[in-house]
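Asker: Here is my input, please return the structure:
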Amino acid sequence: MNSRPGRFKTHLRTLPVQMILSFIGLVLLTAVASGLPAIWLLRNQLERQAWSQVNQGSQAVQALYTAMQNDLTNLATLTAQRPTLRRLLSQDEQAVLPDYLQTLRVGAELDLIVVCDLTQRVVSQSGAAVPDDVCQLGQPVSFRLITAEPGSNLWLLAAQPIESEEVGIGGQVIVGLMLDDNFARQIQSKIGLDHTLYANGRPVASSLPGGVYRSNRISLSPLAEAAGARRNSFSFNGHPYYAIQTPLAVGDIDLNRQADDFYAEMALAVSDIFAAQQRLIWTLSGSILIIAGFSSVLGILLARRISRPLARLTDAATALSRGDLSKPAAIETQVREIALVGWALEAARLDLKSTLSDLQREKAWTDQLLEAIVEGIVTIDHVGRIVFFSRGAERLTGWSREQALGRSCDEIFQPAETSEPFSRLLPPPGRRHKIGVTLSDGRQVMLAVTGAKMQPPGNGASRLVLVFRDVSEEEAVRRLVGLFLANIAHEFRTPLSALAASVELLLDQAADLTPAELQELLISLHLGVLGLQTLIDNLLESASIEAGRFHVSPRPSGLKEIMTEVAQTLQPLLLKHGQILKLELPASMPEVQIDPRRTAQVLVNLLSNASKYSPDQTEIVMQAQLEGAQIKVMIIDQGPGILPEYRQNLFHRFIDDKVTNSNNRIRQAGAGLGLSVVKAVVEAQGGQVGIEDAAEGGSIFWFTVPIASQT
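Answerer: Here you go, the predicted structure:
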């Protein structure tokens, strides 16, 4: 009866069984040891991403509030400076004042405009009802909780004094925005997070349903301070949220002391994140179990192929230990177990030999790959000497590998914009820095450098691997885009300011102006609208070109009619500068294959440039000539001309500023789009565009259009 337990214990002591049990245990332990940290890291990563989204929303809200405060201050200043308002106050026309304030409030999209007198008493107002003490604002901009029927509302108010030279006339103008549920929903639509405003510890406006929000919210964690804001989590209608509460501040004024009075909360619904987290955890856990089971089965199959303890294979094993892979390890023997071990050693010898051969091929492939990489790769030892210099580094820097190896990196890489050595400017591992350097041929380039630590096997000192590429073009494009945006803002601001001044003058003094003055104002308005329309058309066409959606619709059209219509359209602009437009057209012109609207836009851009850069009281010529199967259109001005070195890039985007003539006169900066649109339209219609010097000074901008087929 005791024989079976004895045989079972003996069987457990055999090498195959012990190997199988050990292998299964090792696989399970490895799976658990690798799976649990992965699950933990996954959960933490999802939570960090959620809080990162909430933090970004908080920063976006702070920027939105700052922008609203600036806009509100500007609106208060503009309202207080209006001459009509001072006139109504001085003439004591209070019956007309409410209607005037209503018009201003609707036009400025405000919720409140209040006019206070010098005694801080409300003279007139437009918008929601507010108590009289609103005139005691005391600050240029502030948040204020105003109690009025039917309840309390949080307002963002701005006040500006009304300055008047008349005695007894003055006071202040207060403009405001009501921070209600609609406002919170607008903020939510911009930042993608639910937005709630608090006053005196209770919500006064929220993008969540108001009544339900106040009754169904359940706090899940207390507030925690984090970088000037407060974090918390809560449950609303059974859905968890992550939220950040930040005090409402005005300008540079520190309102942390009022953080318990007015603050905003940005909340992110994390139900989907939690659900995805659970799914990922279950998927990862299931994958770990499947891999563990498969590995265990494979271990069992491999372990069963191993028999009893190995016997004598000393010579073969010694040869293998000495690295002699040429001597076979298989041994002829009648003992099956030894033969199996011998064949296993032989297989190991062959595998090792194959592995060494594969490693040699991989090394050769790695060397070829490093040679082919465009980016430069440099390895630096602990004292700053270069120990590896790739072919890409040679191409980027102009230094050969033989010149660079063994030398200090500070000798090879000379910073262009600082006296600091190159080794002091290197980024930390995993980070990227942009460093301007002077190359061996004297050129200055901007390199994007990324660093990584490399620890060699054994106890060798660590090395720093640098990967860099030339980003000079990207930096140049970034600067050009910044300059373009500045020019666009200037191009919009100037005509808009002129339009606003002309319209306000018409509104205030239309009855007193003579017909000639009215005509001059109307011409100014027309030119401003025409300039804005041209700029907007160029912007839209440029965006279409950039997005790949630009196309033309050529059809047989009369070029003469288009040129005449454009000349009539731009006649007010030419009259303003006393310029004369002369049309020189053939007696008969065949129809051309063009897109009429876009061809008119080409002519408007070229004639506008000619007018802009030609002196007053000069002549501009627009002529057309038949040249074979096409018509050549030329715009001849008497401006300063274009230097030859600028002509190559003249029709590119953003290249439309600070082009000088031989007398170094700098012309007015533009948006840099008009000529690029001209080139795109003309070439899309099958024509060409170019520039030449005029015989009597100035420039000739020309383009060609194909004649329509007669068949």
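Asker: next SSE after the one helix or strand Asn44 maps to?
Answerer: Take DSSP states H and E as the rule and Asn44 turns out to sit in helix 15-80. Sequence order places helix 83-90 as the next helix or strand after helix 15-80, per DSSP H and E.
Asker: Can you mark which positions in that following helix are buried?
Answerer: Judged by neighbour count (16 or more other C-beta atoms under 10 Å), helix 83-90 contains these buried residues: Leu85, Arg86, Leu88, Leu89. C-betas here are computed from N, CA, C, even on glycine.
Asker: In the residues you listed, find the pair that's most separated.
Answerer: The distance between the two most remote of the buried residues of helix 83-90 (C-beta to C-beta) is 7.5 Å, for Arg86 and Leu88.
Asker: send the alpha carbons of stretch 281-297 over as PDB?
Answerer: The C-alpha trace of stretch 281-297 is given here as PDB (Å, rounded to 0.1, in the frame of the first residue of the first chain):
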ATOM      1  CA  ILE A 281      -6.900  45.900 -17.900                       C
ATOM      2  CA  TRP A 282      -9.100  42.900 -18.700                       C
ATOM      3  CA  THR A 283      -7.500  42.600 -22.100                       C
ATOM      4  CA  LEU A 284      -4.000  42.800 -20.700                       C
ATOM      5  CA  SER A 285      -4.800  40.400 -17.900                       C
ATOM      6  CA  GLY A 286      -6.300  37.900 -20.400                       C
ATOM      7  CA  SER A 287      -3.300  38.300 -22.700                       C
ATOM      8  CA  ILE A 288      -1.000  37.600 -19.800                       C
ATOM      9  CA  LEU A 289      -2.900  34.500 -18.800                       C
ATOM     10  CA  ILE A 290      -3.000  33.200 -22.400                       C
ATOM     11  CA  ILE A 291       0.800  33.800 -22.900                       C
ATOM     12  CA  ALA A 292       1.500  32.200 -19.500                       C
ATOM     13  CA  GLY A 293      -0.600  29.100 -20.500                       C
ATOM     14  CA  PHE A 294       1.000  28.900 -23.900                       C
ATOM     15  CA  SER A 295       4.500  29.300 -22.500                       C
ATOM     16  CA  SER A 296       3.800  26.700 -19.800                       C
ATOM     17  CA  VAL A 297       2.600  24.100 -22.400                       C
END
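Asker: right, and Met563 touches Leu585 too?
Answerer: Yes. Using C-beta atoms under 8 Å, Met563 makes contact with Leu585 at a distance of 6.9 Å.
Asker: Find the residues that touch each one of these two.
Answerer: Counting by C-beta atoms under 8 Å, 6 or more residues apart in numbering, the residues touching both Met563 and Leu585 are Ala624.
Asker: out of the two, which sits in the more crowded spot?
Answerer: Set side by side, Met563 and Leu585 show more neighbours around Met563, with 21 against 16, by other C-beta atoms under 10 Å.
Asker: Can you check the pLDDT for that one?
Answerer: Note for Met563: predicted pLDDT of 90.
Asker: again, but for the one 3 residues further on
Answerer: The score at Val566 is 84. That number is its pLDDT.
Asker: Dihedrals phi and psi, it?
Answerer: Dihedral pair for Val566: phi -60, psi -40, per degrees, to the nearest 10.
Asker: Distance of the residue nearest to it when sequence neighbours are not counted relative to Ile594?
Answerer: Of all residues not flanking Val566 in the chain, Leu603 sits nearest, at 4.3 Å (C-beta to C-beta, 6 or more residues apart in numbering). Plainly put, Leu603 is 11 Å away from Ile594 if you go by C-beta to C-beta, to the nearest Å.
Asker: Same check on Leu574?
Answerer: 24 Å.
Asker: Neighbour count for those two, which is higher?
Answerer: When Leu574 and Ile594 are compared for neighbours, Ile594 comes out ahead with 28 against 18, by other C-beta under 10 Å.
Asker: That one pairs with what?
Answerer: The partner list for Ile594 in beta bridges (DSSP bridges) reads Arg555.
Asker: Verify the stated contact: it with Ile707.
Answerer: No. Using C-beta under 8 Å, Ile594 makes no contact with Ile707, being 10.1 Å away.
Asker: which residues of the stretch 151-300 of the chain fall in helices?
Answerer: Using DSSP state H, counting those that start in this stretch, the helices of the stretch 151-300 of the chain run over 181-191, 210-216, 271-304.
Asker: Out of the ones you listed, name the one with the poorest average pLDDT.
Answerer: With a mean of 60, helix 210-216 has the lowest mean pLDDT of the helices of the stretch 151-300 of the chain.
Asker: coming back round to it: give me the common contacts of Leu603 and Ile594.
Answerer: Residues touching both Leu603 and Ile594 (C-beta under 8 Å, 6+ apart): Ile562.
Asker: Which stretches in the stretch 501-650 of the chain count as helices?
Answerer: All helices of the stretch 501-650 of the chain, identified by DSSP H, counting those that start in this stretch, fall at 515-547, 559-569, 571-576, 596-613, 644-647.
Asker: Now tell me which of these the model trusts least on average.
Answerer: When I compare the helices of the stretch 501-650 of the chain, helix 515-547 is least confident, with a mean of 64.
Asker: and Thr66, how many residues sit next to it?
Answerer: With other C-beta under 10 Å as criterion, Thr66 counts 13.
Asker: Repeat that for Val96.
Answerer: Neighbours around Val96, by other C-beta under 10 Å: 12.
Asker: quick check: domain ranges of the chain?
Answerer: 81-178, 314-369, 373-470, 478-706 (automatic domain parsing).
Asker: between the ones you listed, which gets the lowest average pLDDT?
Answerer: Taking the mean pLDDT of the domains of the chain, domain 314-369 comes last: a mean of 69.
Asker: buried sites along stretch 412-421?
Answerer: Using 16+ other C-beta under 10 Å as the burial criterion, the residues of stretch 412-421 that qualify are Ile412, Phe413, Pro415, Pro421.
Asker: how close does the last one get to Leu447?
Answerer: The spacing between Pro421 and Leu447, counted by C-beta to C-beta, is 15 Å.
Asker: Also Glu362?
Answerer: Counting by C-beta to C-beta, the separation of Glu362 from Leu447 is 30 Å.
Asker: Pull stretch 195-211 out as PDB, backbone CA atoms only.
Answerer: Provided in PDB are the C-alpha atoms of stretch 195-211 (Å, rounded to 0.1, in the frame of the first residue of the first chain):
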ATOM      1  CA  HIS A 195     -17.700  74.800 -16.800                       C
ATOM      2  CA  THR A 196     -19.200  76.000 -13.500                       C
ATOM      3  CA  LEU A 197     -18.900  79.400 -11.700                       C
ATOM      4  CA  TYR A 198     -19.100  79.700  -7.900                       C
ATOM      5  CA  ALA A 199     -19.900  82.600  -5.700                       C
ATOM      6  CA  ASN A 200     -19.900  82.500  -1.900                       C
ATOM      7  CA  GLY A 201     -19.400  78.700  -2.000                       C
ATOM      8  CA  ARG A 202     -22.400  77.900  -4.200                       C
ATOM      9  CA  PRO A 203     -22.800  77.500  -8.000                       C
ATOM     10  CA  VAL A 204     -24.300  80.400  -9.800                       C
ATOM     11  CA  ALA A 205     -23.800  79.300 -13.400                       C
ATOM     12  CA  SER A 206     -23.000  75.900 -15.000                       C
ATOM     13  CA  SER A 207     -23.000  74.100 -18.300                       C
ATOM     14  CA  LEU A 208     -24.500  71.200 -16.500                       C
ATOM     15  CA  PRO A 209     -28.300  71.400 -15.800                       C
ATOM     16  CA  GLY A 210     -28.600  74.000 -13.000                       C
ATOM     17  CA  GLY A 211     -31.100  72.600 -10.600                       C
END
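Asker: related to what we said a few turns ago, for the buried residues of helix 83-90, give me JSON lines that also has distance to Ile273.
Answerer: JSON lines is the format used below for those (distance: C-beta to C-beta, whole Å):
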{"residue": "Leu85", "distance to Ile273": "52"}
{"residue": "Arg86", "distance to Ile273": "57"}
{"residue": "Leu88", "distance to Ile273": "57"}
{"residue": "Leu89", "distance to Ile273": "57"}
